[in-house]
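# Build me a model:
(2 chains)
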2 protein chains.
Amino acid sequence: MNGPIPHGGDLTAARARFPGRSDWLDLSTGINPWPYPLPRLDAAAWTRLPDAGRTADTEQAADAFYGAPPGSALAVPGTQAALQLLPALRPPSRMAVVGFTYQEHARCWRRAGHAVTETPSLAEAVAAADVVVAVNPNNPDGTGLDPSDLLRARAALAARGGWLVVDEAFGETRPELGVAGACGAPGLIVLRSFGKFFGHAGIRLGFVLADADTQAGLRDALGPWAVSGPALELGRIALADRPWATGTRLRLRAAADRLAGLLSATGLRVVGGTPLFVLAATEDAAGLHERLMQHGIMVRRFDERPHWLRFGLPPDADAEQRLRACLAAYA
Amino acid sequence: MNGPIPHGGDLTAARARFPGRSDWLDLSTGINPWPYPLPRLDAAAWTRLPDAGRTADTEQAADAFYGAPPGSALAVPGTQAALQLLPALRPPSRMAVVGFTYQEHARCWRRAGHAVTETPSLAEAVAAADVVVAVNPNNPDGTGLDPSDLLRARAALAARGGWLVVDEAFGETRPELGVAGACGAPGLIVLRSFGKFFGHAGIRLGFVLADADTQAGLRDALGPWAVSGPALELGRIALADRPWATGTRLRLRAAADRLAGLLSATGLRVVGGTPLFVLAATEDAAGLHERLMQHGIMVRRFDERPHWLRFGLPPDADAEQRLRACLAAYA
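Alright, predicted model coming up:
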């Protein structure tokens, strides 16, 4: 077993390092800071076991929202749960992850006994492995892979019994990249996160869009009642609210553009991102990270990419001003 | 992979069989019908990833409530999640389950490749296996195993690297049977369900009370953010509310006594139970089950025990009267 990977959003660790501070501004995640307004949830969502009907209703809403064929979506308690379980559905294989990306994929495949490599390109990954994992758009650099390249990769892998796993955790902000419409094809497994775009990361809801065999394997590994009633209920309602999603896409894009401008203006080099976060580079990223922490601002750094910092969206004008002031003083 | 096991609470299946009915009375589970009053939950429980601090606060509340040494409790998204994952933490072993009980244990150990037997007594189970699973008090018959016998079994199993798994899903109603106080001892794994006693089965919260090695293995298998923020928050608050728990124990006991009286008065033979359900026997249990279903009353039957029916607590006087009328007409 390998150790836990550091992630954004760890307020507990921040508080432990700076016990005097109470005004933390958390920009260390890629979660929408303007969450879907919490509706009044059916009391039975809390009290009753989430039965097959409740689960199916939410999965149907997910198929429709993600543009996948009916019957594609399996609800899971956060996509992390799928990352943990998918590797156990295959005998030891060669797995290649495309580019520097979300590290839990490699960790989970390794802990299940697979041989894991990181390759710079999709084509090299397909040539090298039975299972290819691509995050699209990529976290943290925002690189987008062409859906037609992905679908060709899927076909090549499936022809030899392989899988293409596409993690579309930030897919709502770049709908043109999505491959959910092809789900059902053998070997294609698409992961969608509910919490990031809808701003409710705490409820633990995600979807695996895949063929029936993969779904059956995951269902068996998860067992009954894997996803909570409140998560299913909130998901069902929010996924059906297209006007909210449309407005939110515009709002996030504008906010990310504004954040990129702020970062550039204070001397950082914007090197990537999605509408849910901006990736910036600077010579002394470690020093800037530390200074931001000292001012109560959490951002994400990466041990393996020492010049990078990832910034989530400031939730309001005060937060933006705090960030600007701290960066300007350091520039 | 073996097929899903039928469970109580499947309103979807009931509705599919009787599409005309809308007034279902669900007595097919052992969930407290008077749930802990839902407090106003911190918005961050929904929006933020449930970080280590939030999880630790709830786990500490669980240690205190269950009377386990500090550091014993690991929060899981329902005890079913622990059932699914525990068997993967051991090489293929001989597992024995004590008596006729909750069937998910056997299913989960079998699917992970262990050799599973059902034995009538704890002593025979310890003699026959490396891993012994006992549900205490037992579901559905309510049989209680003596805690000192369980702790002796734990020692015997641990001496040869074995485990004693005690599923105390209905433990709140029989606190004198609990062995959580001994947690930390090698090989002792106690499972506690939050949803049944607190009446919130939908939120998916349970605890594994165990030594550090078992906890580490489960943490690694679950990955980060396994339990939702709303579940952790509700759990933390409810587990600390001792007056509510004390009052609820009394209320459930009185309600179960009353239900047992009702069942006896209408000609059924009460053969077991806990304060959360009553087990009754009758010659034509299948016929009675069907008649109750036709009247919109769901109870639990058991393919392997054709004379048994398990009744959950009627939530109010109307429900009780509906049940009484239906049983009286059939007697």
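
# And for A:Gly9, the neighbour number?
22 (other CB atoms under 10 Å in any protein chain shown). Where C-beta positions appear, they are placed from N, C-alpha and C, glycine not excepted.

# Can you show me the helices along chain A?
Remark: helices assigned in chain A by DSSP state H are A:11-17, A:43-47, A:52-66, A:79-85, A:104-111, A:122-128, A:147-159, A:195-198, A:212-222, A:229-239, A:242-265, A:285-294, A:317-330.

# For the nearest residue to A:Thr101 once chain neighbours are set aside, give me its contacts.
Spatial nearest neighbour of A:Thr101, excluding adjacent residues (CB to CB, 6 or more residues apart in numbering or on different chains): A:Val135 at 4.5 Å. When contacts are counted by CB atoms under 8 Å, 6 or more residues apart in numbering or on different chains, A:Val135 is found next to A:Val98, A:Gly99, A:Thr101, A:Tyr102, A:His105, A:Val166, A:Asp167, A:Ala169.

# Can you read off the backbone torsions of A:Ile112?
Heads up, residue A:112 is Ala, not Ile. For A:Ala112, the backbone dihedrals are phi -90, psi 10 (criterion: degrees, to the nearest 10).

# I'd assumed A:Leu85 was in contact with it.
No - assessed by CB atoms under 8 Å, A:Ala112 is found out of contact with A:Leu85, at 9.2 Å.

# which one of the two has more residues nearby?
Between A:Ala112 and A:Leu85, counting by other CB under 10 Å, A:Leu85 is the more crowded of the two (23 against 19).

# I'd guessed that one sits against A:Arg219; true?
No - with contacts counted by CB under 8 Å, A:Leu85 stays clear of A:Arg219, the gap being 10.1 Å.

# Can you name the residues of the stretch 1-150 of chain A that neighbour chain B?
Residues of the stretch 1-150 of chain A lying close to chain B by CB under 8 Å from any CB of the partner chain are A:1, A:4-5, A:7, A:9-13, A:15, A:26, A:29, A:31, A:35, A:38, A:43-54, A:56, A:77-78, A:80-81, A:83-84, A:88, A:104, A:108, A:111.

# Which among those residues count as buried?
Buried by 16 or more other CB atoms under 10 Å in any protein chain shown: A:7, A:9-11, A:26, A:29, A:31, A:35, A:38, A:44-51, A:54, A:77-78, A:80-81, A:83-84, A:88, A:104, A:108, A:111, out of the residues of the stretch 1-150 of chain A next to chain B.

# domains of chain A?
Following automatic domain parsing, one finds the domains of chain A at A:11-35+A:244-330, A:44-240.

# How far away from the center of its chain is the first one?
By that I understand domain A:11-35+A:244-330. Offset of domain A:11-35+A:244-330 from its chain centre (CA atoms, centre = their mean, to the nearest Å): 17 Å.

# avg pLDDT for it?
Domain A:11-35+A:244-330 shows a mean pLDDT of 96 in the predicted model.

# first to last residue in it, what's the distance?
End-to-end span of domain A:11-35+A:244-330 (CA to CA, to the nearest Å): 23 Å.

# Give me every residue in the stretch 201-331 of chain A lying close to chain B.
Counting by CB under 8 Å from any CB, the stretch 201-331 of chain A sits next to chain B at A:201-204, A:216-217, A:220-231.

# Now the buried members of the residues you listed.
By neighbour count, with 16+ other CB under 10 Å, these hold A:201-204, A:217, A:220-231 as buried.

# Flag every buried residue along stretch A:120-127.
Burial within stretch A:120-127, assessed by neighbour count using 16+ other CB under 10 Å, is assigned to A:Leu122, A:Ala125, A:Val126.

# Check stretch A:158-171 too.
Counting neighbours by 16+ other CB under 10 Å, one finds that the buried residues in stretch A:158-171 are A:Ala158, A:Gly162, A:Trp163, A:Leu164, A:Val165, A:Val166, A:Asp167, A:Glu168, A:Ala169, A:Phe170, A:Gly171.

# With distance to B:Pro314 added, can I get the helices of chain A in CSV?
What follows is those, written out as CSV (distance: least, CB to CB, whole Å):
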stretch, distance to B:Pro314
helix A:11-17, 44
helix A:43-47, 15
helix A:52-66, 23
helix A:79-85, 36
helix A:104-111, 46
helix A:122-128, 59
helix A:147-159, 53
helix A:195-198, 38
helix A:212-222, 32
helix A:229-239, 22
helix A:242-265, 41
helix A:285-294, 56
helix A:317-330, 52
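
# from the contacts of A:Val135, which ones fall inside strands?
Per DSSP state E, strands hold the following members of the contacts of A:Val135: A:Val98, A:Val166, A:Asp167.

# Show me what stretch A:317-327 is in contact with.
In contact with stretch A:317-327 (CB under 8 Å, 6+ apart) are residues A:25, A:27, A:258-259, A:262-263, A:265-268, A:288, A:291-292, A:295-297, A:311, A:314.

# what residues are up against A:Ala328?
Residues in contact with A:Ala328 (CB under 8 Å, 6+ apart) are A:Thr266.

# Figure out how far stretch A:188-205 is from the centre of its chain.
Stretch A:188-205 sits 7 Å away from the centroid of its parent chain (CA atoms, centre = their mean).

# Buried residues, it. List them.
A:188-205.

# Then stretch A:71-80?
Neighbour counts using 16+ other CB under 10 Å place A:Gly71, A:Ser72, A:Ala73, A:Leu74, A:Ala75, A:Val76, A:Pro77, A:Gly78, A:Thr79, A:Gln80 of stretch A:71-80 among the buried residues.

# Start and end of stretch A:156-174, how far apart?
Taking CA to CA, the first and last residues of stretch A:156-174 lie 25 Å apart.

# Name the nearest residue to the residue nearest the centre of chain A, ignoring sequence neighbours.
Nearest to the mean C-alpha position of chain A, by CA atoms, centre = their mean, lies A:Ala169 at 3.1 Å. Nearest residue to A:Ala169, sequence neighbours excluded (CB to CB, 6+ apart): A:Ser193, at 4.3 Å.

# which of the residues in stretch A:173-189 are buried?
Using 16+ other CB under 10 Å as the test for burial, stretch A:173-189 gives A:Thr173, A:Arg174, A:Leu177, A:Gly178, A:Val179, A:Ala180, A:Ala182, A:Cys183, A:Pro186, A:Gly187, A:Leu188, A:Ile189.

# Quick check: end-to-end length of stretch A:278-295?
Counting by CA to CA, the terminal residues of stretch A:278-295 are separated by 20 Å.

# In the stretch 51-200 of chain A, which residue sits closest to chain B?
Taking CB to the nearest CB as the measure, the stretch 51-200 of chain A has A:Gly53 as its residue closest to chain B, at 3.3 Å.
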